[in-house]
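Student: Sequence and predicted model, in that order:
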Amino acid sequence: MNRKYRKTVIAGNWKMNKTPTETKAFMTEFKAILPKGRWCDIALCVPAVCITTAVRAMRETRVGIGAENCNANPSGAYTGEIAANMLADAGCKYVIIGHSERRAMGETDQDVNAKVKAAMEQGLIPIMCCGESLEQRELGITNEWIAMQIKSGLAGIPEEKIRKLVIAYEPIWAIGTGKTATPEQAEEVCEHIRSVIRKLYGSKNARAISILYGGSMNERNAFELLAQPDIDGGLIGGASLVPEKFVQIIEAANQPTA
Ligand code: 13P
């Protein structure tokens, strides 16, 4: 982290977990133990049907609610899909875009790019995900792959908008496997992502953009991961489903930075 130049963001991704009723119960518990200090931004990205409940429950707090996906089109005949303006109107502040679990369902870099643009047009903060598979890591093409995902995801996003976006590096082999990237592995790729942003948008923007790590981040390994200079927060799956664990990760972000 580096609080001097950029925001620290601790974001939860609930994936397909919790009903609206369970969301309400979580938020009550979470609110009761939420740290008062403001050393980081906090986001919880929840299933679409839980957004209203979550927004209502966290209205008086500093926790921003987010969605886990959006459609790139403004409206129309897309049965089952949700447009970015609907999310914004429902009270969302964030939206995860290009998660590897969605890419595995067929989402392409072009889709990701269109969704990032649609989200930004509605004033949502996209949390754009990238990450390599185990095979790609073993082939030694991690950096090239990530650079391609970032470049295509950001195609056509102008310089003045780039700081309104958050990037999440999530190595696919570390998601839900309990196999966290080492702090050094995670730092290496996050630093690389920043260098890609530097080439595209200049050093000031590269210094200002928040890059999160995701993949089996939990209350035990968060401190060390967040201590890395280019890891500006976390995108947390499993551990964000338990208020105490999520709060411990938020507390791990309260450490001295450069
Ligand atoms: P886990 O923290 O459960 O590994 O999930 C990470 C993730 O995919 C967050 O988007």
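Tutor: Noted; the coordinates are in hand.
Student: gap between the one residue sitting closest to the centre of the chain and the ligand?
Tutor: Closest residue to the average C-alpha location of the chain: residue 127 at 4.2 Å, with C-alpha atoms, centre = their mean. Going from residue 127 to the ligand by C-beta to the nearest ligand atom, to the nearest Å gives 9 Å. (Glycine included, C-beta is placed from N, CA and C.)
Student: residues touching that residue, list them.
Tutor: By C-beta atoms under 8 Å, 6 or more residues apart in numbering, residue 127 lies in contact with 11, 43, 45, 66, 94-97, 166-168, 212, 235.
Student: ok, 7 Å please
Tutor: Applying C-beta atoms under 7 Å, 6 or more residues apart in numbering to residue 127 gives the contacts 11, 94, 96-97, 166, 168, 235.
Student: Please apply the same query to residue 159.
Tutor: 201, 205.
Student: can we see that at 10 Å?
Tutor: By C-beta atoms under 10 Å, 6 or more residues apart in numbering, the contact list for residue 159 reads 200-202, 204-205.
Student: got it, and residue 31?
Tutor: Contacts of residue 31 by C-beta under 10 Å, 6+ apart are 57-58, 60-61, 63, 243.
Student: I'd like the residues you listed as CSV, with secondary structure appended.
Tutor: Converted to CSV, these look like this (DSSP: H, G, I helix; E, B strand; the rest coil):
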residue, secondary structure
57, helix
58, coil
60, coil
61, coil
63, strand
243, helix
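Student: Now do the SS call for residue 235.
Tutor: Going by three-state DSSP: residue 235 is strand.
Student: Just the buried ones out of the contacts of residue 31, please.
Tutor: 57-58, 63, 243 (16 or more other C-beta atoms under 10 Å).
Student: from these, which is closest to the ligand?
Tutor: Comparing these against the ligand with C-beta to the nearest ligand atom places residue 243 closest, at 15.4 Å.
Student: wait, residue 155 sits on residue 113?
Tutor: Yes. Between residue 155 and residue 113 there is a contact under C-beta atoms under 10 Å: 5.2 Å.
Student: Near the ligand, which residues of the stretch 101-250 of the chain? Just list them.
Tutor: Residues of the stretch 101-250 of the chain lying close to the ligand (C-beta under 6 Å from any ligand atom) are 170, 175-176, 214-217, 235-239.
Student: Just give me the closest of the residues you listed to the ligand.
Tutor: Distance to the ligand across these (C-beta to the nearest ligand atom) is lowest for residue 237, with 2.3 Å.
Student: Tell me who's in contact with the residue lying closest to that closest one once chain neighbours are set aside.
Tutor: Excluding the flanking residues, the one nearest residue 237 by C-beta to C-beta, 6 or more residues apart in numbering is residue 13, at 5.3 Å. By C-beta under 10 Å, 6+ apart, the residues touching residue 13 are 43-46, 66, 68, 96, 99, 101, 127, 129, 168, 170, 175, 214, 234-238, 240-241.
Student: Tell me which stretches of the stretch 1-150 of the chain form strands.
Tutor: 9-13, 41-45, 63-67, 94-97, 125-130 (DSSP state E, counting those that start in this stretch).
Student: Any chance of those in TSV with mean pLDDT and distance to residue 3 as columns?
Tutor: Output for the strands of the stretch 1-150 of the chain, formatted as TSV (pLDDT from 0 to 100; distance: least, C-beta to C-beta, whole Å):
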stretch	mean pLDDT	distance to residue 3
strand 9-13	98	11
strand 41-45	98	11
strand 63-67	98	18
strand 94-97	98	20
strand 125-130	98	18
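Student: From the ligand, how far out is residue 98?
Tutor: 11 Å.
Student: count of neighbours near the residue nearest to that residue when sequence neighbours are not counted?
Tutor: Excluding the flanking residues, the one nearest residue 98 by C-beta to C-beta, 6+ apart is residue 112, at 3.8 Å. Using other C-beta atoms under 10 Å, residue 112 is surrounded by 25 other residues.
Student: How much space separates residue 112 from residue 81?
Tutor: 15 Å (C-beta to C-beta, to the nearest Å).
Student: do the same with residue 47
Tutor: Residue 47 is 14 Å from residue 81, by C-beta to C-beta.
Student: That'll do, ta.
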